[in-house]
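**Student:** Coordinates for the following, if possible.
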Amino acid sequence: MGFDFRKHVPKQFKKIRVPEDYNWEIHNLNAYEELKQEVALGKKTLADLQEFEHKYRESAEQREWRWRREHVLQELEQDNMKNFREFKDNPKGFIKKMLDMGRGISRWWWKVPNKSVGKGKMVQNQLTGAWHQEYKPNKSMKMKDWLNAAERGNVMLHMNPKKIPLNREPTEIEKGISNEAKKERGRKVWDWVLKETNNFGRGWKDPKYGTLDKSRPGKGGRSRGRERIVVKTK
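**Tutor:** Just a heads-up that it's a prediction; the model follows:
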């Protein structure tokens, strides 16, 4: 049996019916968009589109549950706006009221959150108390000036604090570090492949023929295996 959401819906909610003009969600969206384009070009008829919408739309239970969820979220948003307005008008009285009810309030109603990134200041919504950061672009420059600054390492300073020129060749030490990092990433990927495939059917821990061969498949006998463990038998 499927999940019966009606048991978990409040009684007063069961009296409310879904409006007749409430929209239906259509599944299989990629095929739906392709079919609408074909209808616009005249390759398919409107009847084909309506048949597709009826076939791949959500069930009545899903539509009802989605409407109730949107209804609840809307009521919660309205309650939050009402509470925030009371908090702004009388903070001490509202806090005392919430404490008497055993409830808490969001500290972000009076505390400014830290900036995520950028120079724009944080602005609070006067209705809901939510915060957002103003968009303030960094000082721009012409492409020619940017390239000249890149040669001196004066761009992207948050990622390049040492002001190393961006268009230079890497040093031998940096190439060695990069190669070692590539080998380490490749080793981790290869170990994961061996473990997931059970060493391509040859066993992960217990060898079949006295040796545990973890070399890459396809090499045959031309090269020596990367890891071959000999197990001594009595």
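
**Student:** So which other helices or strands are in contact with the lengthiest helix in the chain?
**Tutor:** Taking DSSP state H as the criterion, the chain has its longest helix at helix 60-89. Under the contact criterion of 3 or more C-beta pairs under 8 Å, 6 or more residues apart in numbering; DSSP states H and E, helix 60-89 touches helix 91-100. Yep, even glycine has a C-beta here, placed from its N, CA and C like the rest.

**Student:** ok, and what's touching stretch 91-101?
**Tutor:** N83, E86, F87, G104, I105, W110 (C-beta atoms under 8 Å, 6 or more residues apart in numbering).

**Student:** What subset of those is buried?
**Tutor:** N83, F87, I105 (16 or more other C-beta atoms under 10 Å).

**Student:** just for this protein, where's the confidence low?
**Tutor:** Residue ranges of the chain with pLDDT under 70: 1-16, 137-139, 207-210, 218-234.

**Student:** Show me it divided up by domain.
**Tutor:** Taking automatic domain parsing as the criterion, the chain consists of the domains 5-105, 107-136, 138-168, 172-230.

**Student:** re earlier: so which bits of the longest helix of the chain are buried?
**Tutor:** For helix 60-89, burial by neighbour count (16+ other C-beta under 10 Å) applies to R63, E64, W65, R66, W67, R68, N83, F84, F87.

**Student:** and what of stretch 35-47?
**Tutor:** For stretch 35-47, the neighbour count (16+ other C-beta under 10 Å) marks L35, V39, K44 as buried.

**Student:** give me every residue that touches the residue lying closest to K121 once chain neighbours are set aside.
**Tutor:** Spatially, and ignoring its direct neighbours in sequence, K121 is nearest to E134 (5.6 Å; C-beta to C-beta, 6 or more residues apart in numbering). Applying C-beta under 8 Å, 6+ apart to E134 gives the contacts G120, K121, M122, V123.

**Student:** redo that, cut-off 7 Å
**Tutor:** Residues in contact with E134 (C-beta atoms under 7 Å, 6 or more residues apart in numbering) are G120, K121, V123.

**Student:** Wait, a strand at the last one?
**Tutor:** Yes: judged by DSSP: H, G, I helix; E, B strand; the rest coil, V123 forms part of a strand.

**Student:** what bridges to it?
**Tutor:** Counting by DSSP bridges, V123 forms beta bridges with H132.

**Student:** number of nearby residues for it?
**Tutor:** 12 (other C-beta atoms under 10 Å).

**Student:** quick one: it and G129 touch, right?
**Tutor:** No: the pair V123 / G129 is not scored as a contact, 11.6 Å apart, by C-beta atoms under 7 Å.
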